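sequence below, structure please.
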Amino acid sequence: MPVTGFDLPPPIYDHRPSIPVIEHILSLEEVTKTCTPFLPPLPLGQSWLGCNLHRFVDGKEFCIIYRVANDRVKRHEQGHCNGWAGDHPSVEQVAKQAAELEFRKQEAYLKGKQNAVIAQAAEVKRDLMREVIVATPKRTLPQTPVLHPNTTNGLLPWPDNAPVTDLKQVLGIAK
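This next block holds a predicted model:
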């Protein structure tokens, strides 16, 4: 945090950190020397009042604070340990981000609900179709007479009630 700013974090971040904190209270020169490698360059004549680093050891997170002896700087750096972003969003910006996150969560929840309703409707439709198929009476197709060739002469059978003269005429034409 540069000398020109003693901004306090938004209330959501302005509390004792829930993770272990290792705090080093140093002189202004020592803070600047320690923090400069981790932070963006400052304009000429400005110094860092504090900085913090998040580290993990054996899977546990902790926060290391390097700062000058000032309570506002302490609260500022603890805010970073609690998740306050390095670009120092204001209370309004944090509230807007939280509202957007909540909106996205609700949107995802509703989308999931919508997909569940669509799936349930498809299942009901499948069940109804099964009932319609089961309830529809079986339709039988008209039976086509099967013609078996006459086994003695290999000809198709001629109806028994056909006039003989017609048969002779048909057979004569066919020759």
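
center of the chain, which residue is that?
Closest to where the C-alpha atoms of the chain average out (Cα atoms, centre = their mean) is A108, at 7.3 Å.

now the helix or strand hosting that one, how far from the centre of its chain.
Taking DSSP states H and E as the definition, one finds A108 inside helix 91-135. Centre-to-centre, helix 91-135 and its host chain are 12 Å apart (Cα atoms, centre = their mean, to the nearest Å).

for A95, see how far away the spatially closest residue to A98 that is not a sequence neighbour is.
Excluding the flanking residues, the one nearest A98 by Cβ to Cβ, 6 or more residues apart in numbering is I12, at 7.8 Å. Where C-beta positions appear, they are placed from N, C-alpha and C, glycine not excepted. Shown here: I12 relative to A95, a distance of 9 Å by Cβ to Cβ, to the nearest Å.

do the same with R75
Noted for R75: a distance of 19 Å to A95, by Cβ to Cβ.

which of these two has more neighbours?
Taking neighbours as other Cβ atoms under 10 Å, R75 and A95 compare with R75 leading, 17 against 13.

the more buried one contacts P9, correct?
Yes - between R75 and P9 there is a contact at 6.9 Å, judged by Cβ atoms under 8 Å.

what number of residues lie near the nearest residue to L26 once chain neighbours are set aside?
Nearest residue to L26 in three dimensions, chain neighbours excluded: Y66, at 6.0 Å (Cβ to Cβ, 6+ apart). The number of residues packed near Y66 is 23, by other Cβ under 10 Å.

doesn't Y66 belong to a strand?
Yes - using DSSP: H, G, I helix; E, B strand; the rest coil, the assignment for Y66 is a strand.

what mean pLDDT does stretch 95-105 get?
Taken as a whole, stretch 95-105 has a mean pLDDT of 75.

pull that stretch out as PDB, backbone CA atoms only.
Only the C-alpha atoms of stretch 95-105 are listed here, as PDB (Å, rounded to 0.1, in the frame of the first residue of the first chain):
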ATOM      1  CA  ALA A  95     -21.300  -5.400  -3.500                       C
ATOM      2  CA  LYS A  96     -21.800  -5.300  -7.200                       C
ATOM      3  CA  GLN A  97     -19.400  -8.300  -7.700                       C
ATOM      4  CA  ALA A  98     -21.200 -10.200  -4.900                       C
ATOM      5  CA  ALA A  99     -24.600  -9.400  -6.500                       C
ATOM      6  CA  GLU A 100     -23.300 -10.600  -9.900                       C
ATOM      7  CA  LEU A 101     -22.000 -13.800  -8.400                       C
ATOM      8  CA  GLU A 102     -25.300 -14.400  -6.600                       C
ATOM      9  CA  PHE A 103     -27.200 -13.700  -9.900                       C
ATOM     10  CA  ARG A 104     -24.900 -16.200 -11.700                       C
ATOM     11  CA  LYS A 105     -25.600 -18.800  -9.000                       C
END
